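> Got a predicted model here, sequence first, then my questions.
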Number of protein chains: 2
Amino acid sequence: MRKIKELGEFGLIHHLSSRLKFRAADSILGIGDDCAVYPVKSGTNEVISTDALVEGIHFKLSTTTPEALGRKALSVSLSDIAAMGGAPKRVLVTLGIPKKISVSYLDKLYSGFNEICNQFQVELAGGDTVSSPKCFFINVAVIGEANRVFTRQGAKPGDLIFVTGTLGDSSLGLQLLNKKKRAHEDHKFLIERHLDPTARVHEAGILSRSKINITSMIDISDGLVQDLYHICKSSKVGAQIHEDRLPQSPEFTRTCNRSSIPPLPLLLNGGEDYELLFTLPTDGVKNLNRQFLKAKVLVTQIGEIALKSRKVLLKMRDGTMKTLPESDGFNHF
Amino acid sequence: MRKIKELGEFGLIHHLSSRLKFRAADSILGIGDDCAVYPVKSGTNEVISTDALVEGIHFKLSTTTPEALGRKALSVSLSDIAAMGGAPKRVLVTLGIPKKISVSYLDKLYSGFNEICNQFQVELAGGDTVSSPKCFFINVAVIGEANRVFTRQGAKPGDLIFVTGTLGDSSLGLQLLNKKKRAHEDHKFLIERHLDPTARVHEAGILSRSKINITSMIDISDGLVQDLYHICKSSKVGAQIHEDRLPQSPEFTRTCNRSSIPPLPLLLNGGEDYELLFTLPTDGVKNLNRQFLKAKVLVTQIGEIALKSRKVLLKMRDGTMKTLPESDGFNHF
């Protein structure tokens, strides 16, 4: 096993960056100087965000592969760009590396970065590589472009609430992972949804290029209810969602049934689905459905924006209404 | 002592971001959505970089204040922008926070961020706040603008080599800090140069606005010789520097004399000075000296670019020449 110490910092950077294939067409400088450099062109907006994954909090080395970890580290950051309707262009990756991590582990991690960079045409334009004796961490800063910017503020009473894909898969996958249940094909699917989520970059592109009047958008990282509260607070509105409309994958439904797991808490509060949650007036629905049908992506109307309160209400299957509580975030502190 | 747990992640972000004063005039969105957003304007280049500081590697909580740590975390990133001749515009700050860190500590850290943001008109536009049980880390990604871009490649034989400020202060300061010598006024100065360095953003601005033909530039983070090797390798040239021209602060000279510390290794290899190292043809020297005199900033010609080899040579005080070895980077691995 080759050790990082043998390569040194510069050797390591050279070794890893030589693995990267995608380079943005307009880049003036990539890795190898003090900064990456590119020209800016008028008429668009830049959208920037950053996200860190810390060993023991966001991942365990024993339950994920370096390739999946690399893909996820990029995907969670790219998801923030998608949430604004943007296209990611460049990432800066910081690795905090403990001694137990080998060069071959980092090679595989970079294979994961490379896959996502190629898939979404994103350049890994620079970063920092530091020793971190006590914990492994990955920070990704991402710079994207958005012609139309979809924020959290702008949802109006009467707007309909939509979500891409299915809910709860990631949090159920995490439960299975923690219980070491990964034999069943359904389990594998759900665990993969947790370890290897897809940023909805293509779907954000569809919405951005469409003429649909998206009034607000966010990605679901903290759970449906929490992220809907973010929209409600920013837009100064309330919302109502319907229990019977929350989209479930067949794998999710079957696993909940088989193991008598109540699905609702996972659908409402399960984090890390990285699906897009957005609102639009009713006159955009036909266009939306047409576009998503063409792209073969599931999109589901799960509720409506309401004026009355700034609460998120759930209409249960039996017709009763329930006010859903807001959390104060991912509280690992 | 208020605990972070009581605030929760969103409460903490709100609490900390409310302390930030500087907002870029063209910002569309700052902290509080999935991304920060701003329009891009043609005719310039963006320069981006990222740097992390990890507890136990780059700092110790016992030897620095949260305010100085906040200033340094930003300064080391801003220094990379300065090294390209750019002006920093926005930063994204990730904090990996262990339980021992209190809200009041973070308040003071943010005061440090705030000072640098105000001083250099940089917006703290977003970030991530994560729990990191085993180590405290700060990652700063920075986005700047550069009309003229000064890279490491472009130094030509015959060019003169200049450095801003003085050398070796930071590494001598670190030695004093580790030996717990901080009684003398000179020691305080040197330790402060280590704990609280200044990014040469203003000086980069002077060079950028001048008509001086800067052929290459870098900031000295790894030590003069190592960073000069970076220029030599990228530019495919060699260099010669003069022992008797390496600029020293009076505090550095006096401390070395008093404690019989050989100054040369510190001047050549001491890291973290964050001074600018750059090259220009002889016909630019008059203009350079005039500009820096006006700005009251020390700038010193320390050597010349040579064709012969791609080595860095030192002309000693006694006239003999010595080839200086290259290191393989900051090797904490």
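Good, I have the coordinates.
> Helix, strand or coil: sort out A:Arg290 for me.
helix (DSSP: H, G, I helix; E, B strand; the rest coil).
> what's the neighbour count on it?
11 (other C-beta atoms under 10 Å in any protein chain shown). (Glycine included, C-beta is placed from N, CA and C.)
> Over to A:Ser79?
28.
> helix, strand or coil for A:Tyr110?
Each residue gets one of three states, and A:Tyr110 gets helix by three-state DSSP.
> Same check on A:Ile57?
Quick answer, by three-state DSSP: A:Ile57 is coil.
> residue contacts, it?
A:His332, B:Val130, B:Ser131, B:Ser132, B:Pro133 (C-beta atoms under 8 Å, 6 or more residues apart in numbering or on different chains).
> Counting neighbours, which of the residues you listed comes out on top?
In these, the most neighbours by other C-beta under 10 Å go to B:Ser132, 28 neighbours.
> Quick check, that residue in contact with A:His58.
No - if you go by C-beta atoms under 8 Å, B:Ser132 and A:His58 don't touch, sitting 9.9 Å apart.
> which neighbours do the two share?
Contacts common to B:Ser132 and A:His58, judged by C-beta under 8 Å, 6+ apart, are absent.
> which residues in the stretch 151-300 of chain A form strands?
A:160-164, A:216-219, A:238-242, A:276-280, A:299-306 (DSSP state E, counting those that start in this stretch).
> What is the first one packed up against?
It stands for strand A:160-164. strand A:276-280, helix A:285-294, strand A:299-306 (3 or more C-beta pairs under 8 Å, 6 or more residues apart in numbering or on different chains; DSSP states H and E).
> any idea which of the ones you listed is most buried?
Stretch with highest mean neighbour count among those: strand A:276-280 (a mean of 26; mean count of other C-beta atoms under 10 Å in any protein chain shown).
> which residues does A:Pro247 contact?
Here A:Pro247 is in contact with A:Val163, A:Gly165, A:Thr166, A:Leu167, A:Leu298, A:Thr300, A:Ile302 (criterion: C-beta under 8 Å, 6+ apart).
> Measure how buried the fourth one is and give me the count.
Read that as A:Leu167. Neighbour tally, A:Leu167, other C-beta under 10 Å: 28.
> So for A:Glu46, what's the nearest residue that isn't a sequence neighbour?
Leaving aside its chain neighbours, A:Glu46 sits nearest to B:Val40 (5.3 Å; criterion: C-beta to C-beta, 6 or more residues apart in numbering or on different chains).
> The one you found and A:Pro39 touch, don't they?
No - using C-beta under 8 Å as the test, B:Val40 is too far from A:Pro39 to be in contact (9.6 Å).
> Tell me if I'm right that A:Thr129 and A:Ile97 touch.
Yes - if you go by C-beta under 8 Å, A:Thr129 and A:Ile97 touch, sitting 6.8 Å apart.
> Give me the more crowded residue out of the two.
Neighbour totals were compared for A:Thr129 and A:Ile97, and A:Ile97 leads with 24 against 21 (other C-beta under 10 Å).
> which ones are touching the more buried one?
So A:Ile97 contacts A:Ile4, A:Leu106, A:Thr129, A:Val130, A:Ser131, A:Ser132, A:Phe136, B:Phe333 (C-beta under 8 Å, 6+ apart).
> which stretches of chain A form helices?
Taking DSSP state H, the helices of chain A run over residues A:4-17, A:66-83, A:103-120, A:169-178, A:185-195, A:201-209, A:224-235, A:250-258, A:263-269, A:285-294.
> Which of those sits closest to chain B?
helix A:4-17 (3.0 Å; C-beta to the nearest C-beta).
> Now that closest one: buried residues?
For helix A:4-17, the neighbour count (16 or more other C-beta atoms under 10 Å in any protein chain shown) marks A:Ile4, A:Lys5, A:Leu7, A:Gly8, A:Glu9, A:Phe10, A:Gly11, A:Leu12, A:Ile13, A:His15, A:Leu16, A:Ser17 as buried.
> from the residues you listed, which is closest to A:Arg258?
Set against A:Arg258, the nearest of the buried residues of helix A:4-17 by C-beta to C-beta is A:Leu16 (42.7 Å).
> can you pull the contacts of A:Gln226?
Counted by C-beta under 8 Å, 6+ apart, A:Gln226 has contacts A:Asn269, A:Gly271, A:Glu326, A:Ser327, A:Gly329.
> and it, what pLDDT?
On pLDDT, A:Gln226 comes in at 96.
> And for A:Asp328?
58.
> now do A:Gly144
So, for A:Gly144, pLDDT stands at 96.
> what's the angle between the lowest-mean-pLDDT helix or strand in chain A and helix A:103-120?
Between all helices and strands in chain A, the lowest mean by mean pLDDT, DSSP states H and E belongs to helix A:4-17, at a mean of 84. Relative orientation of helix A:4-17 versus helix A:103-120 (axes from the mean of the first three to the mean of the last three C-alpha atoms, to 10 degrees): 10 degrees.
> what does the stretch 101-250 of chain A put close to chain B?
By C-beta under 8 Å from any C-beta of the partner chain, the residues of the stretch 101-250 of chain A that approach chain B are A:125-128, A:130-135, A:137, A:139, A:141, A:143-146, A:149, A:151-152, A:218-219, A:234.
> what's the domain layout of chain A?
Recorded structural domains for chain A (assignment: automatic domain parsing) are A:4-146, A:160-324.
> tell me the most buried of those?
When the domains of chain A are compared using mean count of other C-beta under 10 Å, domain A:4-146 is most buried, at a mean of 21.
> How far away from the center of its chain is that one?
Computed by C-alpha atoms, centre = their mean, to the nearest Å, the separation of domain A:4-146 from the middle of its chain amounts to 15 Å.
> can you give me the end-to-end distance of that domain?
Counting by C-alpha to C-alpha, to the nearest Å, you get 38 Å between the two ends of domain A:4-146.
> Can you name the residues that contact the residue nearest to A:Val140 when sequence neighbours are not counted?
Counting by C-beta to C-beta, 6+ apart, A:Ser77 is the residue found nearest to A:Val140 once chain neighbours are left out, at 4.1 Å. Going by C-beta under 8 Å, 6+ apart, A:Ser77 touches A:Ser49, A:Thr50, A:Asp51, A:Pro88, A:Val91, A:Val140, A:Ala141, A:Val142, A:Ala199.
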